[in-house]
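Q: The following comprises the amino acid sequence and a computationally predicted model.
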Amino acid sequence: MSDATALDHAYAMIEQAWGRPIAELEKAAPRLPVEDAMLRAAMHHRSHLVVVSNSIAVHQDRLHALTRPGHVPAFYDLDRITASASALRTAYAESNTAVQMIRHVIDARELALTAEDGPTAERVRAATARSSRAPHPLGIPADRPAPPSAAVVAQPVANRL
């Protein structure tokens, strides 16, 4: 059986899809959110997977400490063992979900790259246009920054209890 973790699998999928090492992609993702929204989404899901992988390691260590060989757990340890096992199972489910999210982003990217004409291409262009728009206040052109808001003193609110 392979010792590859979900995080290793995600790294391999992302590196294969973009054709560059993760270190380069980490530097490029924040700088190019509009140019490659799919990369930013994949890197966001990867960072979530890093957190979940750390959580898995913590829960595994805790569970191994509570169930070490030659140790008879006390009555009050049974709840801790059950809680740790449940948290570990939840963390594994979150890890699998994060890997699936990354897979879906990569599939969407591949579809966007292969869609040239037809209704699929139109949907991809519309989704890309929606995801690449930067929010700005209505009535102000996108090339000008929003004016600063005036400082207003907050009015005290009476206690209604």
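A: Here it is on my side, so go on.
Q: average model confidence for the longest helix seen in the chain?
A: Of all the elements of type helix in the chain, the one with the most residues (DSSP state H) is helix 77-114. In this model, helix 77-114 carries a mean pLDDT of 90.
Q: Could you pull out the buried residues of that helix?
A: For helix 77-114, the neighbour count (16 or more other Cβ atoms under 10 Å) marks 84, 87-88, 91-92, 94-95, 98-99, 101-103, 105-106, 108-109, 112 as buried. Where C-beta positions appear, they are placed from N, C-alpha and C, glycine not excepted.
Q: And stretch 63-75, by the same measure?
A: 63, 66.
Q: For it, give me every contacting residue.
A: The contact list for stretch 63-75, computed with Cβ atoms under 8 Å, 6 or more residues apart in numbering, reads 77, 80-81, 84-85, 88.
Q: where does the protein have low pLDDT?
A: 1-3, 29-35, 115-161 (pLDDT under 70).
Q: ok, now with 50
A: Along the chain, the model assigns pLDDT under 50 to residues 1-2.
Q: For it, which segments count as helices?
A: Ranges of helices within the chain are 6-18, 22-31, 37-66, 77-114, 119-132, based on DSSP H.
Q: Report the inter-axis angle for the fourth one versus helix 6-18.
A: On the basis of axes from the mean of the first three to the mean of the last three Cα atoms, to 10 degrees, helix 77-114 is oriented at 0 degrees to helix 6-18.
Q: so what secondary structure elements neighbour helix 77-114?
A: Counting contacts by 3 or more Cβ pairs under 8 Å, 6 or more residues apart in numbering; DSSP states H and E, helix 77-114 is packed against helix 6-18, helix 37-66, helix 119-132.
Q: quick one, which of those helices is nearest to residue 27?
A: Closest to residue 27 of the helices and strands packed on helix 77-114, according to Cβ to Cβ: helix 37-66, at 10.3 Å.
Q: got the CA coordinates for stretch 45-63 in CSV?
A: The C-alpha coordinates for stretch 45-63 follow below in CSV (Å, rounded to 0.1, in the frame of the first residue of the first chain):
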residue,chain,number,x,y,z
HIS,A,45,-8.5,24.5,-1.6
ARG,A,46,-4.9,23.2,-1.2
SER,A,47,-4.3,25.5,1.8
HIS,A,48,-7.5,24.1,3.4
LEU,A,49,-6.2,20.6,2.7
VAL,A,50,-2.9,21.5,4.5
VAL,A,51,-4.9,22.5,7.6
VAL,A,52,-7.0,19.4,7.5
SER,A,53,-3.9,17.2,7.0
ASN,A,54,-2.4,18.8,10.2
SER,A,55,-5.6,18.1,12.0
ILE,A,56,-5.5,14.4,10.9
ALA,A,57,-1.9,14.1,12.2
VAL,A,58,-2.9,15.6,15.6
HIS,A,59,-6.0,13.3,15.9
GLN,A,60,-4.0,10.2,14.9
ASP,A,61,-1.3,11.0,17.5
ARG,A,62,-3.9,11.6,20.2
LEU,A,63,-5.7,8.3,19.3
